[in-house]
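Novice: Quick check, what structure comes out for this input:
(one chain, ligands or ions: 1)
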Amino acid sequence: MSVALITGASMGLGEEFARQLAARRMDLLLVARSEDRLQALATELVRKHQIKAHVLACDLSREGAPQQVLQAVTEKKLKVSWLINNAGFGLIGPLERMDANRVREMISLNVSALVELTQLMLPVLRMVGDARVINVASTAAFQPIPQFNVYAATKVFVLHFSEALSEELCGTSIRVLCLCPGPTPTQFHVAAGIDARLFNQGQTARQVVRMGILGSDKGRTVVVCQRVWTNLLIRLAPRIVVRKVAGMIGKLMVNRSMKP
Ligand SMILES: NC(=O)c1ccc[n+]([C@@H]2O[C@H](COP(=O)([O-])OP(=O)(O)OC[C@H]3O[C@@H](n4cnc5c(N)ncnc54)[C@H](OP(=O)(O)O)[C@@H]3O)[C@@H](O)[C@H]2O)c1
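Specialist: All right, here's what the predicted structure looks like:
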């Protein structure tokens, strides 16, 4: 049976990908740092859907981690046909006040690990008839966001990388999709340091993941989980206006998150 490799599968959107792909009777390779959570999810989904689920506890922000994932795939002889690059986190606040090590970790996880894992997995994906890559970016990819500066920049990287890769692989058996969720209630706010209430009005993780999987089935390259008019405004407004408005929203997020 074909296998979906999902990074950041211990909670949030990654967990939801695992649930929806298991329901399609795909085997799973679940990757994140929290082994106990991964194991509990794997046990539940194996029981529920009669699939196989493998677990790899691994810090993807560390050098050599993507190679460790490939090694697990090779040793277990897994026929990976879906690669879901979902693991990622954000940090809110002015750059000057951010912990430099956390910033490095964020760039390493959101950007470097995603690129390296994709590059390592392409030869594996080429061996199956219908292969998919889903890279999770964000609606933050569509504008610079003061106070969410580095995170938004990592996500525009993911967006451009995915679109370019999709073109590079056009005509092959591998489809690439970039999924851009808006604020979604998961545990994202914890690492980011943002008030959880700011995530309560968006789509649910289930809706976001369903949009991603359906979008990939339809052969789409980018799926944006955001109101159409917001999208249009961002595209049509002068860049300085977009920047200023994003800056005001960034400040509001910081102020709101600092309240008790
Ligand atoms: N929720 C939102 O509002 C939102 C909006 C736009 C985009 N996104 C993007 O969606 C993706 C998933 O986020 P989420 O909302 O599901 O957040 P989440 O609930 O915090 O889940 C993040 C996942 O990433 C894993 N992870 C974090 N650091 C890791 C590391 N160093 N190595 C391996 N795994 C790591 C976490 O597991 P462990 O802690 O067990 O390692 C967890 O499984 C991210 O790329 C995020 O940027 C989220």
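
Novice: Please tell me how far D99 sits from N110.
Specialist: 16 Å (C-beta to C-beta, to the nearest Å). Just so you know, the C-beta spots here come from the backbone N, C-alpha and C atoms, and that holds for glycine as well.

Novice: higher neighbour count, these two?
Specialist: Neighbours were counted for D99 and for N110 using other C-beta atoms under 10 Å; N110 has more, 26 against 10.

Novice: how about the more buried one, what does it touch?
Specialist: 88-89, 151, 154-155, 157-158 (C-beta atoms under 8 Å, 6 or more residues apart in numbering).

Novice: what's the answer for I84, then?
Specialist: I84 neighbours (C-beta under 8 Å, 6+ apart): 4-7, 14, 17, 134, 136.

Novice: Tell me where the stretch 51-200 of the chain has helices.
Specialist: For the stretch 51-200 of the chain, the helices defined by DSSP state H, counting those that start in this stretch occupy 65-75, 100-107, 114-125, 149-168, 188-192.

Novice: Could you pick out the residues of this protein near the ligand for me?
Specialist: By C-beta under 6 Å from any ligand atom, the residues of the chain that approach the ligand are 8-14, 32-34, 59-61, 86-90, 109, 136, 138, 181, 183-184, 186-188, 191, 199.

Novice: One more pass at 5 Å, please.
Specialist: Contacts of the chain with the ligand, taken as C-beta under 5 Å from any ligand atom, map to 8, 10-14, 32-34, 59-61, 86-88, 109, 136, 138, 181, 183-184, 186-188.

Novice: Among the residues you listed, name the buried ones.
Specialist: Buried members of the residues of the chain next to the ligand, scored by 16 or more other C-beta atoms under 10 Å, are 8, 10-14, 32, 60-61, 86-88, 109, 136, 138, 181, 183-184, 186, 188.

Novice: Now intersect the residues you listed with the strands, please.
Specialist: In strands, defined here by DSSP state E, the members of these are 32, 136.

Novice: Now that we have the contacts of N110, can you turn them into CSV and tack on pLDDT?
Specialist: Converted to CSV, those look like this (pLDDT from 0 to 100):
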residue, pLDDT
G88, 98
F89, 98
Y151, 98
T154, 98
K155, 98
F157, 98
V158, 98
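
Novice: can you pull the buried residues of the helix or strand of the chain with the lowest mean pLDDT?
Specialist: Taking mean pLDDT, DSSP states H and E as the measure, the helix or strand of the chain with the lowest value is helix 228-236, at a mean of 83. Judged by neighbour count (16+ other C-beta under 10 Å), helix 228-236 contains these buried residues: I234.

Novice: Can I get it in CSV, CA atoms only?
Specialist: C-alpha atoms of helix 228-236 as CSV (Å, rounded to 0.1, in the frame of the first residue of the first chain):
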residue,chain,number,x,y,z
VAL,A,228,-11.7,35.9,-1.9
TRP,A,229,-12.1,39.6,-1.3
THR,A,230,-9.1,39.7,1.1
ASN,A,231,-7.1,37.9,-1.6
LEU,A,232,-8.1,40.4,-4.2
LEU,A,233,-7.4,43.4,-2.0
ILE,A,234,-3.9,42.2,-1.3
ARG,A,235,-3.2,41.6,-5.0
LEU,A,236,-4.7,44.9,-6.2
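
Novice: And the contacts of that helix?
Specialist: With C-beta under 8 Å, 6+ apart as the test, helix 228-236 has contacts from 139, 142-143, 224, 242.

Novice: what about 10 Å?
Specialist: For helix 228-236, contacts defined as C-beta atoms under 10 Å, 6 or more residues apart in numbering pick out 139, 142-143, 180, 182, 224, 226-227, 241-242, 245-246.

Novice: show me where pLDDT drops low in the chain?
Specialist: Within the chain, the segments meeting pLDDT under 70 span 259-260.

Novice: S112: neighbour count?
Specialist: 18.

Novice: who touches the closest residue to H54 other than its chain neighbours in this structure?
Specialist: Ranked by C-beta to C-beta, 6 or more residues apart in numbering and with sequence neighbours excluded, the top spatial neighbour of H54 is L29, at 4.7 Å. Counting by C-beta under 10 Å, 6+ apart, L29 touches 3-7, 9, 18, 38, 42, 52-56, 69, 72-73, 76, 78, 80, 82-83.
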